[in-house]
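Peer 1: Predicted model and sequence follow; I will ask about them next.
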Amino acid sequence: MQIFDFGIAHCWEYDIDFVTKLEAVLKQQKMSVIQLTFDNVKQVTEKVKRGTLHIRNYLDRAWDEDEIFGNLGKLLVANNTRIFNHYDKVPHAIDKATMHLEFITAGLNVPYSIIIPPLSEAENIYISLKDLAVLGRPFIIKPCNTTGGGVGVVTGAETLSEILRERFVNTNDKYLLQKKIYPKYFNGKRGWFRCFWAFNEAIPLWWDDTTHAYQPLSGNEVLHYELEPLFSLTQKIAGIIELDFFSTEIAIDDQHTFIVIDYVNDQCDMRMQSSHFDGVPDYVVDKIIVNLLNEVALTKPRRTRTISKKAVVVEKTPVKKVVAKVAKPTKKETPAKKVTAKKLTAAVKTKKAETKKKKPETK
């Protein structure tokens with residue numbers, strides 16, 4: 001039987017850079033890797049059915065694009081493969097109407113919203129003048145399930161006719177009518193953040209909702225602007241939805257209230273900033289990969305070493321305050337128990353960043 005430590009399913013052309021980097025680092029750690037694409041997914045599925053191929057850990061970034069990947073995923077679940085973002089938990093987590101209600105119950109701040117049933121279930125809807133007054137103008141129209149990356153979202157709706165028109169776009173989906181949130185500014189930066197939950201670690205970043213451009217969030221900024229709740233809120237959402245890897249959007253209004261805006265994105269856009277203006281900073285991609293590797297190490301049958309997060313983290317942030325389920329390093333740990341920065345940077349190509357980081361130590 002063929003046994004692979006890790007499988008990666010993908011079918012989006014812009015995922016190639018991320019998948020290539022992830023595969024390189026996995027192989028650097030002596031793990032066997034198989035990529036699943038349209039070219040081989042049928043053959044691999046047949047081998048799994050016959051019991052001649054097994055994948056221990058699986059990251060599926062294609063199941064929502066074609067059911068052929070979902071079919072393979074079901075077989076892997078039956079064979080006790082570790083699935084990152086387990087299929088059973090995803091539909092519940094990405095339903096915006098469901099999350100809206102659950103977040104309110106959990107005490108999270110969310111925008112005032114009106115949930116509209118699917119057109120296929122209720123042709124006529126009633127919205128009171130009082131509700132419309134609270135909603136304000138302009139307001140947001142969001143499909144609850146058939147969206148991603150802003151697709152299908154109307155950000156400047158003004159009239160009831162726009163609501164009725166949008167319902168015909170996805171007749172089987174619920175819609176959220178959401179009050180528009182205007183963030184406060186922090187030294188010229190909009191108080192809008194995309195927060196990743198990456199395998200037991202919260203990683204918040206400045207994210208301009210108008211340009212979709214990221215900026216690193218420094219530890220000094222977190223303390224100076226009192227942004228610590230970004231970490232705890234992201235961790236709280238993770239506890240509610242129980243996904244391994246997702247992102248959420250959090251905005252801060254003029255009263256310094258933290259408001260969860262776009263609840264859960266289970267398929268994070270991992271295009272890198274070095275290649276795309278609106279991509280994720282490269283050091284964050286490296287950090288996410290390291291966290292994933294440590295999760296894989298926990299389930300790997302043979303003895304493995306824990307990957308040091310410090311090997312690829314370019315900027316220090318107060319992440320340790322909210323890290324869950326991961327044992328904090330102790331003073332007794334020695335470098336010999338970890339993969340050195342030199343070895344890991346050979347795979348993730350961050351040699352320049354590491355060199356700059358070490359210069360002050362060689363005075």
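Peer 2: Okay, I see it.
Peer 1: which residues in the stretch 1-150 of the chain form helices?
Peer 2: 16-28, 41-50, 67-78, 90-94, 96-105, 129-135 (DSSP state H, counting those that start in this stretch).
Peer 1: and the angle from the second one to helix 67-78?
Peer 2: Same thing as helix 41-50. Angle of helix 41-50 versus helix 67-78, following axes from the mean of the first three to the mean of the last three CA atoms, to 10 degrees, is 30 degrees.
Peer 1: what packs against helix 41-50?
Peer 2: If contacts are counted by 3 or more CB pairs under 8 Å, 6 or more residues apart in numbering; DSSP states H and E, helix 41-50 sits against strand 53-60, helix 67-78. Placement of C-beta: from N, CA and C, glycine included.
Peer 1: can you give me the offset of it from its chain's centre?
Peer 2: On the basis of CA atoms, centre = their mean, to the nearest Å, helix 41-50 is displaced by 29 Å from the centre of the chain it belongs to.
Peer 1: weakest of the helices of the stretch 1-150 of the chain by average pLDDT?
Peer 2: Per-stretch mean pLDDT for the helices of the stretch 1-150 of the chain is lowest at helix 129-135 (a mean of 86).
Peer 1: where in this structure is pLDDT low?
Peer 2: Where the chain drops to pLDDT under 70, the residues are 146-151, 299-363.
Peer 1: Now do the buried residues in the top helix by length along the chain.
Peer 2: Longest helix in the chain by number of residues, with DSSP state H as the criterion: helix 282-299. Of the residues in helix 282-299, 282-296 count as buried by neighbour count, 16 or more other CB atoms under 10 Å.
Peer 1: Over to stretch 76-87?
Peer 2: Neighbour counts over stretch 76-87 (16+ other CB under 10 Å) mark 76, 81-85 as buried.
Peer 1: Not counting it itself, show me its contacts.
Peer 2: Stretch 76-87 is contacted by residues 7, 48, 54-60, 63, 70, 73-74, 199, 242-246, 266, 292, 295-296, 299 when judged by CB atoms under 8 Å, 6 or more residues apart in numbering.
Peer 1: switch to 7 Å and redo it
Peer 2: Stretch 76-87 is contacted by residues 48, 54-60, 73, 243-245, 266, 299 when judged by CB atoms under 7 Å, 6 or more residues apart in numbering.
Peer 1: Residue 125 contacts residue 116, doesn't it?
Peer 2: Yes: judged on CB atoms under 7 Å, residue 125 makes contact with residue 116 at a distance of 5.8 Å.
Peer 1: Among the two, which residue is more densely surrounded?
Peer 2: Taking other CB atoms under 10 Å, residue 125 and residue 116 do not tie; residue 116 has more neighbours (22 against 14).
Peer 1: leaving aside the residues next to it on the chain, what's closest to that one?
Peer 2: residue 175 (4.2 Å; CB to CB, 6 or more residues apart in numbering).
Peer 1: how close does the one you found get to residue 145?
Peer 2: With distances taken as CB to CB, to the nearest Å, residue 175 is found 10 Å from residue 145.
Peer 1: wait, what's in contact with residue 192?
Peer 2: For residue 192, the contact set (CB under 7 Å, 6+ apart) comprises 183, 207-209, 249, 251.
Peer 1: Which ones among these map onto strands?
Peer 2: Members of the contacts of residue 192 lying in strands (criterion: DSSP state E): 207, 249, 251.
Peer 1: can you put those in CSV and add distance to residue 89?
Peer 2: Formatted as CSV, these follow (distance: CB to CB, whole Å):
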residue, distance to residue 89
207, 25
249, 20
251, 26
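Peer 1: partner residues bridging the residue most central in space within the chain?
Peer 2: Here the mean C-alpha position of the chain is nearest to the C-alpha of residue 246 (CA atoms, centre = their mean), at a distance of 2.5 Å. With beta bridges defined as DSSP bridges, residue 246 has these partners: residue 197.
Peer 1: surely it meets residue 199?
Peer 2: No: distance between residue 246 and residue 199: 10.6 Å, which falls outside the contact criterion (CB under 7 Å).
Peer 1: In contact with the residue nearest to residue 31 when sequence neighbours are not counted, which residues?
Peer 2: Using CB to CB, 6+ apart and skipping residues adjacent in sequence, the residue nearest residue 31 is residue 5, 3.9 Å away. If a contact means CB under 7 Å, 6+ apart, then residue 5 has 31-33, 56-57, 296, 300 as its contacts.
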